[in-house]
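Participant: Below: sequence and its predicted model.
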4 protein chains.
Amino acid sequence: MDNIFKLEFTVRDYELDLQGIVNNAVYQNYLEHARHEFLKSKGLDFNQLHIDGYDAVVIRSEVDYKKSLKSGDTFFVETYASRESRLKIIFHQKIIRTSDQALIIDAKIFAACIHNNRPIEPIFILEKLGLV
Amino acid sequence: MDNIFKLEFTVRDYELDLQGIVNNAVYQNYLEHARHEFLKSKGLDFNQLHIDGYDAVVIRSEVDYKKSLKSGDTFFVETYASRESRLKIIFHQKIIRTSDQALIIDAKIFAACIHNNRPIEPIFILEKLGLV
Amino acid sequence: MDNIFKLEFTVRDYELDLQGIVNNAVYQNYLEHARHEFLKSKGLDFNQLHIDGYDAVVIRSEVDYKKSLKSGDTFFVETYASRESRLKIIFHQKIIRTSDQALIIDAKIFAACIHNNRPIEPIFILEKLGLV
Amino acid sequence: MDNIFKLEFTVRDYELDLQGIVNNAVYQNYLEHARHEFLKSKGLDFNQLHIDGYDAVVIRSEVDYKKSLKSGDTFFVETYASRESRLKIIFHQKIIRTSDQALIIDAKIFAACIHNNRPIEPIFILEKLGLV
């Protein structure tokens, strides 16, 4: 699909745990960074949105951990967005190991937009994401 | 329920992001630490299990983010385990803010046990967890 | 010394690296959290200071790593402050393992206070720290 | 200098703290990752060394924090090694912002090599680093 945003990473040793594999929580970091870069590729800056009073917040995550990443692995995160309902966006994200194209993580991240402490339908964001 | 294990934490400032709230990935850290302490309370040591060749691995997580934690908040994680199938255990975990008992995070963490690179039915673990 | 602030911690497994010991960077987290709690004990809130336009920033750190912490270790951080010069404060911090009182980390953290992007002599902070 | 190893990074938003700048501890992560990649460029794999029973450990760090990195900044870490004494190596590391070549961090990291719980003079490592 043309709309899938890809971002490449390399595992850093401080991300490994005592099992010698990337710690679970670190995958959330990879996914978050990929979402922010995805937004940036659409002309949306997460930090500027915050300064402007619009906070994108994760309200639910569903993550399947298929395989583990190890020291030195390179991988990429694929991201695209769809609309779940008036107030919810879903980010569909996969983490794929570069060497053998193995699926490592398959995730759905549900997000909402908060303005003045209330969920809003973020029309200008949806437009940039092509979801209106 | 008698079987619910509670562990108390305080938010540390390095866990906050630029929105001034605890970063999403950090909740996975809280949940993992609570699971390991829960196991310890049942006589199971995650690290010793690893040394003995048994690795508990997360295979899926479903996490609802209800509210956010802020600087200085104290909270506790409630954890109990149930059996999902022959090879899967579910850890049911809630993060609750101490001050007003607000539900912050509601999570189901699906885990399996790996021995010699293969999923096994970890009888001695299930026995200690009272799941046999 | 009466002025030494002590804060107790337990190592969390996600803080370990593949050597099975606490990763170096994590000690900076422990030290930072201890400094913020030390300030709080003196009536100074790091986050409130930030909101009020005063940012305490670390300008130099000198850290000796004496021994390593492992899974399950409990330890405490000792913190006290002294004045280095008109614009600099030093936080003297030690990390000590509870079980045998072994010195794990010996650190000097040099900090300054920034207001409107300029270093200032933070009189009200120095007063609360008893350094005027 | 020909021997300086350069590695480029981009700030990730989860690395920012509530001041909107990269948290202090995160710089240690950047420096560690750059050291490991530097070693790799010399034919030394940190993880393989660990498996073979040789652990490189940081024994002291001296870090000057000159400026802060913000969301979206790209930067590079410069690393080279020198010999301090029979048992100590120093990694000299600078973090430099790409956009204006501003010096962000200036660090000296003192390391030793442990084998069978004892510090040793790691001849084969020193040879690969050109320090014999």
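Facilitator: Noted; the coordinates are in hand. Residues are numbered from 1 along each chain as shown, chains lettered A, B, ... in the order given.
Participant: In terms of helices and strands, where is the closest residue to residue A:25 other than its chain neighbours?
Facilitator: With CB to CB, 6 or more residues apart in numbering or on different chains as the measure, residue B:28 is the residue that lies nearest to residue A:25, at 3.7 Å, once sequence neighbours are left out. The C-beta positions use only the backbone N, C-alpha and C, and glycine is treated the same way. Here residue B:28 sits within helix B:24-41, counting by DSSP states H and E.
Participant: Just the residues contacting that helix, thanks.
Facilitator: A:23-26, A:28-29, A:32, A:58, A:61, B:5, B:7, B:9, B:15, B:45-46, B:56, B:61, B:63, B:65, B:77, B:79-81, B:91, B:93, B:95, B:105, B:107, B:109, C:12-14, C:72, D:14 (CB atoms under 8 Å, 6 or more residues apart in numbering or on different chains).
Participant: tell me the angle of that helix relative to helix A:24-41?
Facilitator: Per axes from the mean of the first three to the mean of the last three CA atoms, to 10 degrees, the angle that helix B:24-41 makes with helix A:24-41 is 170 degrees.
Participant: near chain C, anything from the helix or strand following helix B:24-41?
Facilitator: Of the helices and strands lying after helix B:24-41 in sequence (DSSP H and E), the nearest is helix B:46-51. Yes - under the criterion of CB under 8 Å from any CB of the partner chain, chain C is reached by helix B:46-51 at B:46, B:47.
Participant: Can you list the buried residues in helix B:46-51?
Facilitator: B:46, B:47, B:49, B:50 (16 or more other CB atoms under 10 Å in any protein chain shown).
Participant: give me the beta-bridge partners of residue A:77?
Facilitator: Per DSSP bridges, the residues bridged to residue A:77 are residue A:7, residue A:95.
Participant: doesn't residue A:95 make contact with it?
Facilitator: Yes - in this structure, residue A:77 is within contact of residue A:95 by CB atoms under 8 Å, at 5.4 Å.
Participant: Only alpha carbons, please: show the lowest-mean-pLDDT helix or strand in chain A as CSV.
Facilitator: Least confident helix or strand, chain A: helix A:46-51 with a mean of 88, by mean pLDDT, DSSP states H and E. C-alpha atoms of helix A:46-51 as CSV (Å, rounded to 0.1, in the frame of the first residue of the first chain):
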residue,chain,number,x,y,z
PHE,A,46,3.4,16.1,17.9
ASN,A,47,5.2,18.7,20.0
GLN,A,48,3.8,21.7,18.2
LEU,A,49,0.3,20.2,18.6
HIS,A,50,1.0,20.0,22.3
ILE,A,51,2.1,23.6,22.4
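Participant: who's in contact with it?
Facilitator: A:36, A:39, A:40, A:55, A:56, A:125, B:18, B:19, D:13, D:20, D:71, D:72.
Participant: how about the strands in chain A?
Facilitator: A:5-10, A:54-65, A:74-83, A:89-97, A:103-115, A:118-120 (DSSP state E).
Participant: Dump those strands to CSV, plus mean pLDDT.
Facilitator: Below are the strands of chain A laid out as CSV (pLDDT from 0 to 100):
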stretch, mean pLDDT
strand A:5-10, 97
strand A:54-65, 95
strand A:74-83, 97
strand A:89-97, 98
strand A:103-115, 96
strand A:118-120, 92
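Participant: Buried deepest among these, which one?
Facilitator: strand A:89-97 (a mean of 21; mean count of other CB atoms under 10 Å in any protein chain shown).
Participant: got the contact list for residue A:56?
Facilitator: A:39, A:46, A:49, A:111, A:112, A:113, A:114, A:125.
Participant: Contact residues of chain A facing chain D?
Facilitator: A:12-14, A:20, A:29, A:32-33, A:36, A:40, A:45-47, A:71-72.
Participant: Relative to chain B, which of those residues is nearest.
Facilitator: Minimum separation from chain B among the residues of chain A next to chain D (CB to the nearest CB) is found for residue A:29, which lies at 4.9 Å.
Participant: The closest one: how many residues sit nearby?
Facilitator: 22 (other CB atoms under 10 Å in any protein chain shown).
Participant: For the most far-flung residue of chain A relative to its centre, give me its contacts.
Facilitator: Centroid-distance maximum for chain A: residue A:18 at 25.6 Å, with CA atoms, centre = their mean. By CB under 8 Å, 6+ apart, residue A:18 lies in contact with B:47, B:50, C:13, C:16, C:17, C:18, C:19, C:20, C:71.
Participant: Just put those residues in JSON lines and tack on distance to residue C:131.
Facilitator: Output for these, formatted as JSON lines (distance: CB to CB, whole Å):
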{"residue": "B:47", "distance to residue C:131": "42"}
{"residue": "B:50", "distance to residue C:131": "47"}
{"residue": "C:13", "distance to residue C:131": "38"}
{"residue": "C:16", "distance to residue C:131": "37"}
{"residue": "C:17", "distance to residue C:131": "37"}
{"residue": "C:18", "distance to residue C:131": "42"}
{"residue": "C:19", "distance to residue C:131": "39"}
{"residue": "C:20", "distance to residue C:131": "40"}
{"residue": "C:71", "distance to residue C:131": "38"}
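Participant: from the residues you listed, which is closest to residue D:87?
Facilitator: residue C:19 (18.6 Å; CB to CB).
Participant: Spatially, which two of the contacts of helix A:46-51 are the most separated?
Facilitator: A:125 and D:20 (20.9 Å).
Participant: ok, back up a step: how far off centre is the helix holding residue B:28?
Facilitator: 4 Å (CA atoms, centre = their mean, to the nearest Å).
Participant: That helix: which residues count as buried?
Facilitator: Neighbour count says helix B:24-41 has B:24-40 buried, by 16+ other CB under 10 Å.
Participant: got the angle between it and strand A:103-115?
Facilitator: 120 degrees.
Participant: CA atoms only for helix B:24-41, dumped as PDB, please.
Facilitator: Once non-C-alpha atoms are left out, helix B:24-41 reads as follows in PDB (Å, rounded to 0.1, in the frame of the first residue of the first chain):
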ATOM      1  CA  ASN B  24       3.000   5.200  27.700                       C
ATOM      2  CA  ALA B  25       5.900   2.800  27.500                       C
ATOM      3  CA  VAL B  26       6.700   3.400  31.200                       C
ATOM      4  CA  TYR B  27       3.400   1.700  32.200                       C
ATOM      5  CA  GLN B  28       4.800  -1.500  30.600                       C
ATOM      6  CA  ASN B  29       7.700  -1.100  33.000                       C
ATOM      7  CA  TYR B  30       5.400  -0.800  36.000                       C
ATOM      8  CA  LEU B  31       3.400  -3.800  34.900                       C
ATOM      9  CA  GLU B  32       6.500  -5.900  34.300                       C
ATOM     10  CA  HIS B  33       8.000  -5.100  37.600                       C
ATOM     11  CA  ALA B  34       4.600  -5.900  39.300                       C
ATOM     12  CA  ARG B  35       4.400  -9.200  37.500                       C
ATOM     13  CA  HIS B  36       8.000 -10.200  38.600                       C
ATOM     14  CA  GLU B  37       7.200  -9.200  42.200                       C
ATOM     15  CA  PHE B  38       3.900 -11.200  42.000                       C
ATOM     16  CA  LEU B  39       5.900 -14.200  40.800                       C
ATOM     17  CA  LYS B  40       8.400 -13.700  43.600                       C
ATOM     18  CA  SER B  41       5.500 -13.700  46.100                       C
END
